[in-house]
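Undergrad: next input, structure requested:
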Amino acid sequence: MALSMSYLRNTSRSSVPRNTALRVPESRRDGQRPHRRSGGVICVARDRLPGKYLTGSNVVSLSAKHTYDKVVMRHPAPDATLNSYMKGLSQDFSVIKMPLGANLKKLSPTEYEILVPKIQLFEVWFAPRASASVRFLDHRMELASSQCLLEGSSHVNDLKLNDVFNLDVKVAFSWKESGSQPTIMSEASIDVDVDVPMPFALIPKPVLETTGNAAFAITLNLMLNGFVEGLAQDYDRWGRDAQLRQQRMTAAKV
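TA: Below is the predicted model:
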């Protein structure tokens with residue numbers, strides 16, 4: 001599925017579901033995170049990303065952030081807690097179906113490969129293939145990626161796009177079971193620096209930034225929301241199926 005500019009224009013209308021709206025989350029005076037959170041287009045200055053040395057005169061910095069919470073059902077079985085599920089999932093969460101045709105593949109206990117759906121900007125489309133490292137903490141999982149290979153239209157090779165960008169992607173999942181509503185929480189960010197090649201370098205930088213930020217925000221929103229919804233559905237199935245819980249427990253010991 002390609003996320004084209006026509007899609008971006010459509011998502012600016014009032015009919016867009018709240019969870020995919022492009023807006024910055026509202027802060028709360030008590031410092032607590034709201035139950036429902038939403039991300040948006042980020043247009044703030046930041047330092048250049050480490051990686052390839054970009055020497056061109058038209059380096060554009062793009063960013064997007066998004067957060068999403070999902071309340072899940074509490075299951076009565078003593079071994080079907082959300083904490084047990086998430087800790088067991090740390091062995092291999094590639095079992096979760098990715099949204100929009102994206103793919104997640106386990107390479108090692110702490111390394112995954114992520115294939116992102118096609119993104120289209122003007123006449124160029126590309127499908128990033130990124131490697132991500134995973135870190136597991138108490139009640140939290142963190143993914144980070146700074147290595148990515150672009151596959152896509154002929155422009156990717158013709159314009160040597162793989163030589164002119166750096167990126168930094170971070171995703172974190174946490175969870176809580178206290179109170180009456182167990183909740184899976186997530187947050188993600190993507191930062192990209194790209195040395196825009198000709199003829200796209202002729203486009204004014206504000207236009208490039210606005211277009212790029214919107215494309216990344218839409219992709220990030222849909223992928224994070226869809227992945228967390230997939231987590232919730234898998235947890236519900238796992239919580240209801242004792243045989244599935246045993247199968248995954250056995251697989252984790254291999």
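
Undergrad: in this protein, what helix or strand scores lowest on average pLDDT?
TA: helix 5-10 (a mean of 40; mean pLDDT, DSSP states H and E).

Undergrad: all helices of the stretch 1-150 of the chain, in order?
TA: Taking DSSP state H, counting those that start in this stretch, the helices of the stretch 1-150 of the chain run over residues 5-10, 82-89.

Undergrad: quick one: buried residues of the last one?
TA: By neighbour count, and taking 16 or more other CB atoms under 10 Å as the criterion, the buried residues in helix 82-89 are 82, 84-89. Any C-beta I mention is one placed from the backbone N, CA and C, and that applies to glycine too.

Undergrad: quick one: the strands in the stretch 101-250 of the chain, in order.
TA: Applying DSSP state E, counting those that start in this stretch to the stretch 101-250 of the chain gives strands spanning 103-108, 111-115, 119-121, 124-137, 140-152, 165-176, 183-195.

Undergrad: for the protein, which helix is longest?
TA: Taking DSSP state H as the criterion, the chain has its longest helix at helix 205-240.

Undergrad: what's the least confident stretch among the strands of the stretch 101-250 of the chain?
TA: Sorting those by mean pLDDT places strand 119-121 lowest, at a mean of 77.

Undergrad: report the separation between Pro182 and Trp238.
TA: Distance, Pro182 to Trp238, using CB to CB, to the nearest Å: 13 Å.

Undergrad: actually, Val196.
TA: According to CB to CB, Val196 stands 45 Å off from Trp238.

Undergrad: likewise for Leu159?
TA: Leu159 sits 45 Å away from Trp238, going by CB to CB.

Undergrad: those two: which has the busier surroundings?
TA: The neighbour count for Leu159 versus Trp238, taken as other CB atoms under 10 Å, is higher for Trp238 (21 against 17).

Undergrad: how much space between the more buried one and Lys87?
TA: Applying CB to CB to Trp238 and Lys87 gives a distance of 12 Å.

Undergrad: how many residues are close by Gln243?
TA: When counting by other CB under 10 Å, one arrives at 7 neighbours for Gln243.

Undergrad: check the one 5 residues further on too.
TA: For Arg248, the tally of surrounding residues (other CB under 10 Å) stands at 17.

Undergrad: so who does it touch?
TA: Counting by CB atoms under 8 Å, 6 or more residues apart in numbering, Arg248 touches 88, 91, 238.

Undergrad: kindly recompute the last result at 10 Å.
TA: 85, 88-89, 91-92, 95, 238, 241 (CB atoms under 10 Å, 6 or more residues apart in numbering).

Undergrad: ok, now Ser133?
TA: 107-108, 110-112, 142-147 are the contacts of Ser133 under CB under 10 Å, 6+ apart.

Undergrad: what's the closest of those to Ile119?
TA: The nearest member of the contacts of Ser133 to Ile119, counting by CB to CB, is Ser145 at 15.6 Å.

Undergrad: I figured the closest one hits Ala130, correct?
TA: Yes - taking contacts as CB atoms under 10 Å, Ser145 lies within contact range of Ala130: 4.5 Å.

Undergrad: between these two, which contacts overlap?
TA: Counting by CB under 10 Å, 6+ apart, the residues touching both Ser145 and Ala130 are 112-114, 167, 169.

Undergrad: I'd like these laid out as TSV, including distance to Asn103 and neighbour count.
TA: Putting the shared contacts of Ser145 and Ala130 into TSV (distance: CB to CB, whole Å; neighbours: other CB atoms under 10 Å) gives the following:
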residue	distance to Asn103	neighbour count
Tyr112	10	19
Glu113	8	15
Ile114	7	21
Leu167	18	20
Val169	15	21
